[in-house]
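**Student:** Whatever this is, show me its structure:
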Amino acid sequence: MLAKNILLSLGVLATLGLASPTPEVPAAEAAVEASSLNVNATDADASILEKRSTGVWLDLYGSGSCSDSWRPEGQSGWVWSGQCKNFDAFTYGARAGAVDQSPDAWWNEKCTFKFWENADCHGHATVHHLSDSIKWKAGTWGSPYPTYTCIATANKADGTFYLGNGAASVLMTC
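**Tutor:** Below you'll find the model as predicted:
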């Protein structure tokens, strides 16, 4: 194992040594004149900058009760409205991740998750509403904030087991 680590380290250093350096760019080419920049934003400019998508951090689990450890980032992670997210099959539980615990910050409760049995959001699916998993707790000075309970991704909303191999992808709409 030690020899493998040493060889790997030497290989990385050799590869870095062969990398070509970044060419220097003359200052005249890199200079940008302030007059060519639009530094005065207008209302028309602000109207272009719109919120385009809603995202929710989703922790994924191998058990439908979320009792095992959550899957690492890459599988667990951001789910964006209107975009399909693939992960390993045999995912039976999911939970919206904690927000800042700030009274002003929580996920959009109108979001709906559709968990699919196959990658790329194909096959049979179960549907769960984020609002059904919200559990309110009292925060600092009694201000409420949401926490999120486990969603059994392989079950229909009525609790009926439906996806035998669990979920392999999710599509969120808000």
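
**Student:** Regarding stretch 112-131, how distant is the last residue from the first?
**Tutor:** Stretch 112-131 has an end-to-end distance of 8 Å (Cα to Cα, to the nearest Å).

**Student:** scratch that, stretch 60-78 is what I was asking about
**Tutor:** 11 Å.

**Student:** And stretch 144-160, by the same measure?
**Tutor:** Note: stretch 144-160 ends 32 Å apart using Cα to Cα.

**Student:** tell me which residues of that stretch are tucked away?
**Tutor:** Of the residues in stretch 144-160, 145-146, 148, 150-155 count as buried by neighbour count, 16 or more other Cβ atoms under 10 Å. For every residue, glycine as well, the C-beta is placed using N, CA and C.

**Student:** In a markdown table: these, plus distance to Trp80, pLDDT and secondary structure.
**Tutor:** Formatted as a markdown table, the buried residues of stretch 144-160 follow (distance: Cβ to Cβ, whole Å; pLDDT from 0 to 100; DSSP: H, G, I helix; E, B strand; the rest coil):
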| residue | distance to Trp80 | pLDDT | secondary structure |
| --- | --- | --- | --- |
| Tyr145 | 23 | 72 | strand |
| Pro146 | 20 | 73 | strand |
| Tyr148 | 18 | 85 | strand |
| Cys150 | 22 | 90 | coil |
| Ile151 | 18 | 91 | strand |
| Ala152 | 23 | 93 | strand |
| Thr153 | 18 | 92 | coil |
| Ala154 | 23 | 92 | coil |
| Asn155 | 24 | 91 | strand |
